[in-house]
Each structure stands twice: as C-alpha cells, then as structure tokens.
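Novice: Sequence and predicted structure below; questions after.
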Amino acid sequence: MIRQPRLTLATLAVAGWAIAGCATSNPSATATAPAAATTPAPVAETVAKGQGLGLAYLDKSVAPCDDFFQYANGNFFKNNQIPASETAWGVDNEVSDRNQAIMRQILEDAATDHTAAKGSNNQKVGDYYGSGMDSVAIEKAGIAPIKPELDRIAAIKDLKGLQTALARQQMLRTGSVFSVGVRQDPKISTQYAVAMSQGGLSLPDRDYYLKDDARSKSIRNAYLAHLTNTLKLLGDNEATAAKNAATVVRLETRLAKASKTRVELRDPYANYNKMTVAEASQQFPNLGLPTVLAQDKLGAAKEVIVGQPVFFKEASTMLKAEPLSDWKTYLRWHLVNAMTPALPKAYVDENFAFEKLLSGAQQQQPRWKRMLRATDAALGEAFGQLYVDKAFPPESKQRMLEMVRNLQAAFAEHIQANTWMSAATKEQALKKLNAFTVKIGYPDKWKDYSALTVSRNSYAQNVINARIWSFNENVGKLGKPVDRTEWGMTPPTVNAYYNPARNEIAFPAGILQPPYFDAKADDAVNYGSIGAAIGHEMTHGFDDQGRQYDAEGNLKDWWTKEDAEKFTQRASVVGSQFDAFSPLDSLHVNGKLTMGENLADLGGLSIAYTALQKQLGGKPRVNYDGFTPEQRFFIAYAQSWRSQRRPEALRRMVLTDPHAPEQFRVNGPLQNMPEFFQAFSCKDDSKMVRGESNRALIW
C-alpha cells in the first residue's frame, strides 16, 4: 500500500511487476448525528470521550458533505506548518516520529555498546549507524573509499570492459542503464527467474527529460548545473565538468526516449517477455548478457524475462554507437550519485541543493534521521528484531489477525452479493480470497547477515558491502524453492503491501501503532483506519493489476471474457473520476497511473464498513463525543490520510506516484458511498454526493 511518505497504500515497481501497498458552509452539520443504515441494537446516547480520533483537527466551519477531507483535518492544517526539513507533514509524521524515537535509542545504544560480540546483529547495526554518524571520519576519508570503483571505470578499454563494468554496477545498485535480478516467475510462481528491467535515469521519471513545459526545462537546466557542480567536486575543471554533464544528460535523454511510461509499466503481460539467454543475446548483442550474468553469479540461467524489449534494443545499440569515453563519464556520475550519502558534506549539500527544487524541502533532515533510514535499509531485519522487542506486543498481532479474518468474511459477502459477476468467476475470486497469506508484524524467519562485514572503519565501505551482500542474497535464490516466508518490508516500516506473486498481504509492526491501530480505540475508529488499510490490501488482489494473478500467484486469466469486460468498464468510471481531480492549477491526477490504488481505496473502505457492521451486530451502540459509530468510522478514515504537501512535492507526486494526493483518496471513494451520505445526512446536491448514475461500484 505504500504511503508516500507515510502509509501510502502503494505500488513497488520491480522489473515492471507490481507489489501494491499500502496516502463548506454548515458548521452545525455534525451536531445532528443521524442513525446509521443498519441499527441492530438501540443507540445508547452518551457523552463519554472516545479514543483515537483527533477531535481538535476537525474544522466545523466546513460542512462534511461539502469537503470531508477538510472537515476532518482542516484545523490540523491551519495549526501545523510543514517543517523546513520536510516535504509533507501529517499523520505519518506522528507515527514515524514515535517509531524513530524508539529506533534512535536502539541505534545509539548499539553504537555505544562495545561489548557486543563481533558478527552479532547488535555489533553490525551499531557499527553501521555509528560509522554513518562519524562525519569527521567521512570528511577525512574524502572519496578514497570509492576510488577503487572509479579506477575500475577509468580502466575500461573496450565494449567487453564496458559490459563487465555494467555487471559491477548491478552489484553496487547504481541504477546504470538497466537492472537485473532474481524474482518469482510471474507465470510460474513456484520458481525464481532472472528478470531484466529498464533503468539508467537519474531524474525521477522519463517525462522529466522529454516534456517541453517551462517547469520541465527549468528542472533540466538545474540538473545540468547540479551535474557540473558534482563533477567539479570530483576534480574536473569548469569546462570539462560542463562538457561531461552535457554528456550524461544526452545519454540519459536517449534512454528516456526508449523507456516505457509509468502507465505502460502497469501492464504485467506487456512486461513479461521470456526468452532464452541465447535469444536475448541475439536481440541485444551489445549487452554482453552471458558476461553480465556470469559476473553477477547468474551464469546458470538458461532464460531471462525481459521487461521492456524496445528499451533493451536501444540500450544495446547505444552501448556500441556512443563513444566509450562518454559511457565512462556516465558510469562515473552514476557511481558518485548512488554513493553521495556516504561522501563528504560538499557532495551531500550539492545533492540537496538540487533535490530542493524537486521536493520543496528547505533544509536537510538531521543526520541521525538520515542514518536511521540508511541502517534500516541495509540491515532491516537485524535492526527489526531489536525494534520488535521494544515496540510490538504480541496482543497487537492477535487483534490484527482477528480484524483480517473479519475483513475476509466481509469481502466474501461482497463477492457473493456482486450482481455483475458470473458464478464461475465468483468461485475463482473466493478461492483467491481464501488463499491469502497474512503476515503481521515481522517475519517468522529472520534473514541471516553472517556473510555481511560491517565495521566502524568506513561508512562508505559499509554501504558498498551492504549493497553487494543484498545483491548476492538476491541472486543466490536462483534454482532454489521460492521462500514464501520472506518479507518485502522491514518491521519498523510505516506501510503495508500486497504481493500478487505470493497472494499475500503484509503489515509491518511499524504501522501497527496509533492512530492507525490503537488497542484503546473503539472498533469504529480501528475499522476506519487500519481496517480500511486491510481491506485496501485485500482489494489489491482484485484491482486492475492484481486481478490478473490467480490464487497461487500466477499471471493467469481466471475471468470469463464477459466479466473482464464488465470489470474494465466499471474501473474506467473510477479512472475518469480521478482524471478530473486537480490539486494544483492545471495539474490533473492521472487516473490510469493511480488506478490500482484508487480501486483498492474504494473497495477497501466499503469492505471495512461491512466488517464494522458485522462487528457491531447485536452489541449496544455507543455515541462517543456526539458521533455515531458510522461517523467515527469515516472520520477515522479521513484522518488516517491527514497530510499536506509542498507544491513541488505535490507536482512530483502527481507525475510519478501511483497514488493520488491524500485529499482525493478520501473524498474520491466517499463520493461513491451511500453509507457515507446517510451517516452525515448529505443531500443529493451536496458536493460530496455523486449522482447515482455516475457512482463507481465494483466490490
């Protein structure tokens, strides 16, 4: 579901495959709390104070039926400015700050624990963080830690040497030209396969290189200056740096022109092009695929899945046609760019100066926050074990599992009651729903970091070691049984996801904290927040991408032709609704890019509402703070997306992110829900009410 930067029910794009995650005028409108659509037991009127809602965030000058996102969160936005070091500010920061306080204490204790056994998780976590915090040592080392890698690039003499260098860049995770790794085979989910995907760009998206509007041109000019400044830091004189910067932009622009758009990358069939290594070598002769695979410990592979053949044909042509010296300049830049966080302050500051233009942040986050994230990224499960011991009680896991079971039962009811789907497709849908694997909190089997060397001597070397270890861990899977216990996120992560290849939903311990999940809150609040997130992840299994995978995680069509057409038509209604949303001047949400997340929001919210009604069935109904359970459910949902963004970050999000801005993730699905209209007595002509013929309903 990936929240951006918070619990954005998101999509992780890996080799073109998706892992979907997990972002008024009537002040008296809320005083009249109407009865809900279903009232199994008499409502017990009470003024008791509930738990979990941010009552101070409500803006009652806004009618809930006009703009519910603003009604639920408006006073928060009025009273909280975005800090200078942040690009957005909201509920995720509340959760992340609490988590980071725990994580920082763990890391600082580990970094000062000189009794930790060498090779232990505590030693590695402590030394990784400690070396990253040692800015004096980093300044003293300069670029010496990456000098061997720069020398490798400088020593390239021919196309074979360039191919060998590209294989090395895969291990160092520099993003040069393309990516290669091991993933589950989308059509044979019990096997691993070698996958290749387009890459090679430093700007956030291909469109940054290709669009001709004034802002895009200004970003490219700034990028060119940033490249020049960084190359000068490496020792190029002004003229040489400018020439080399132009070379990098030229090569990346050519790669961008051959790259698929983010919308095109959402088609799993178009990104599945399996061929033998011999066939791939014939189609892309200048990649030196046998050389690359052998050096990357994948020489045993007989087949590869090529995500974007058109891109690889162009890349192959470029590798031979473009001057070797230009490619060496390109690789040099990509290495330094990838290693910037581990280099002296001048490099970090130059990088941030350019990033400000893209994100709007006015100052860098403190070093401890940056090193905390870096440690989690490099040693996530070693660090995660220490985090879980402090922050995730066993009872939280049990309550989450109970909610998941309730959501599954509610989803099954929705499928069975579906009026547009045939019995044959319903049977397969229920089979897939019942086959979900549910992961809560943390892995049952932790990763083994014994082969990773971490010391206090050099942060840059620790970064290199961790990246090579991660790459080796990935490619080492080839030929082995698929490990379905493996997680795609670390335990402290404030996020969640659905993985179609494993038909699984996962909720790390980091997100199972208030206000997303609050053991003290009433059911209405928890079902509106984490319950809707659970429903969201489940619905990802049936969104426009996820529905193309079967119960075992295979890319396989299990729909009748008629049902698939009906689904597409209904999904297009959601796409059109989001195309019309505009967060800034002429900037519109891309309904096709955000389709999966929008469908999951709508389905997840509807399913969570049904699950709440089942949970409340037969129990005394209590109004807390003057709100019915149904009203608290919807307010909790809206407040779970409480976030405001800088204009620069908002533009970047709309152009590159598969998630719509938060206000539309709230108002968008609610405008289709009669249950919401009834809960807040919205009239037919209210802004939050879509006409019946224009509403979207799928699950």
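Specialist: Arrived safely. Numbering: from 1, shown residues only.

Novice: that's a strand at Met275, yeah?
Specialist: Yes: Met275: assigned to a strand according to DSSP: H, G, I helix; E, B strand; the rest coil.

Novice: what number of residues lie near it?
Specialist: Per other CB atoms under 10 Å, the neighbour tally for Met275 reads 16. The C-beta positions use only the backbone N, C-alpha and C, and glycine is treated the same way.

Novice: now it: how far from Gly307?
Specialist: In this view, Met275 and Gly307 are 12 Å apart by CB to CB, to the nearest Å.

Novice: cool, Ala195 as well?
Specialist: According to CB to CB, Ala195 and Gly307 sit 7 Å apart.

Novice: Against Asp522, how distant is the closest residue to Tyr449 other than its chain neighbours?
Specialist: Of all residues not flanking Tyr449 in the chain, Ala382 sits nearest, at 5.2 Å (CB to CB, 6 or more residues apart in numbering). In this view, Ala382 and Asp522 are 37 Å apart by CB to CB.

Novice: just Phe567 next, same as before
Specialist: Separation of Phe567 from Asp522 (CB to CB) stands at 35 Å.

Novice: buried set for stretch 156-173?
Specialist: By neighbour count on 16 or more other CB atoms under 10 Å, the buried set for stretch 156-173 is 156, 159, 161-173.

Novice: Contacts for that stretch next, please.
Specialist: For stretch 156-173, contacts defined as CB atoms under 8 Å, 6 or more residues apart in numbering pick out 149, 152-153, 155, 175-181, 286-288, 291-292, 295-296, 319-320, 324, 327-328, 331, 334-335, 338, 464, 467-468, 470-472.

Novice: Distance from the chain centre to that stretch, please.
Specialist: Computed by CA atoms, centre = their mean, to the nearest Å, the chain-centroid distance of stretch 156-173 equals 29 Å.

Novice: Show me the longest helix that occurs in this structure.
Specialist: In the chain, taking DSSP state H as the definition, the longest helix is helix 394-417.

Novice: Which parts of the stretch 51-200 of the chain are strands?
Specialist: 88-90, 178-185, 188-198 (DSSP state E, counting those that start in this stretch).

Novice: Give the rounded mean pLDDT of the longest one.
Specialist: The predicted model assigns strand 188-198 a mean pLDDT of 98.

Novice: for that strand, packing partners?
Specialist: On a contact count with 3 or more CB pairs under 8 Å, 6 or more residues apart in numbering; DSSP states H and E, strand 188-198 meets strand 178-185, strand 303-306, helix 309-321.

Novice: quick one: whatever helix or strand comes next after it to chain centroid distance?
Specialist: Note on strand 188-198: by DSSP states H and E, the next helix or strand toward the C-terminus is helix 207-210. In terms of CA atoms, centre = their mean, the centre of helix 207-210 is found 22 Å from the chain centre.

Novice: what comes into contact with helix 207-210?
Specialist: Contacts of helix 207-210 with the rest of the structure, by CB under 8 Å, 6+ apart, involve 201, 203, 216, 219-220, 223, 249, 252-253, 256-257, 261, 655.

Novice: List the buried residues of that helix.
Specialist: Asp207, Tyr208, Tyr209.

Novice: In PDB, could you pull the C-alpha coordinates for it?
Specialist: C-alpha atoms of helix 207-210 as PDB (Å, rounded to 0.1, in the frame of the first residue of the first chain):
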ATOM      1  CA  ASP A 207       9.000  12.700 -18.700                       C
ATOM      2  CA  TYR A 208      11.400  15.000 -16.800                       C
ATOM      3  CA  TYR A 209      13.700  14.600 -19.800                       C
ATOM      4  CA  LEU A 210      11.100  14.800 -22.500                       C
END
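
Novice: Please pull up the helix or strand immediately following that helix.
Specialist: helix 214-233.

Novice: Mind giving me the packing neighbours of that next one?
Specialist: Contacts defined by 3+ CB pairs under 8 Å, 6+ apart place helix 214-233 against helix 207-210, helix 238-258, helix 324-339, helix 345-359.

Novice: Let's have the ones you listed in CSV, adding distance to Lys426 and mean pLDDT.
Specialist: Formatted as CSV, these follow (distance: least, CB to CB, whole Å; pLDDT from 0 to 100):
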stretch, distance to Lys426, mean pLDDT
helix 207-210, 40, 98
helix 238-258, 42, 98
helix 324-339, 48, 98
helix 345-359, 45, 97
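
Novice: any idea which of these is most buried?
Specialist: Of all the helices and strands packed on helix 214-233, helix 324-339 has the most neighbours on average by mean count of other CB atoms under 10 Å, namely a mean of 20.

Novice: so which of the buried residues of helix 207-210 comes closest to Phe633?
Specialist: Of all the buried residues of helix 207-210, Asp207 has the smallest distance to Phe633: 38.4 Å, by CB to CB.

Novice: And the closest one, how far from Met318?
Specialist: Note on Asp207: its distance to Met318, by CB to CB, is 20 Å.

Novice: just Val277 next, same as before
Specialist: Applying CB to CB to Val277 and Met318 gives a distance of 21 Å.

Novice: and what of Lys260?
Specialist: Here Lys260 is placed at a distance of 17 Å from Met318 (CB to CB).

Novice: do Met403 as well
Specialist: To Met318, Met403 is 51 Å away according to CB to CB.

Novice: which of these two has more neighbours?
Specialist: Higher neighbour count among Met403 and Met318: Met403, with 24 against 19, using other CB under 10 Å.
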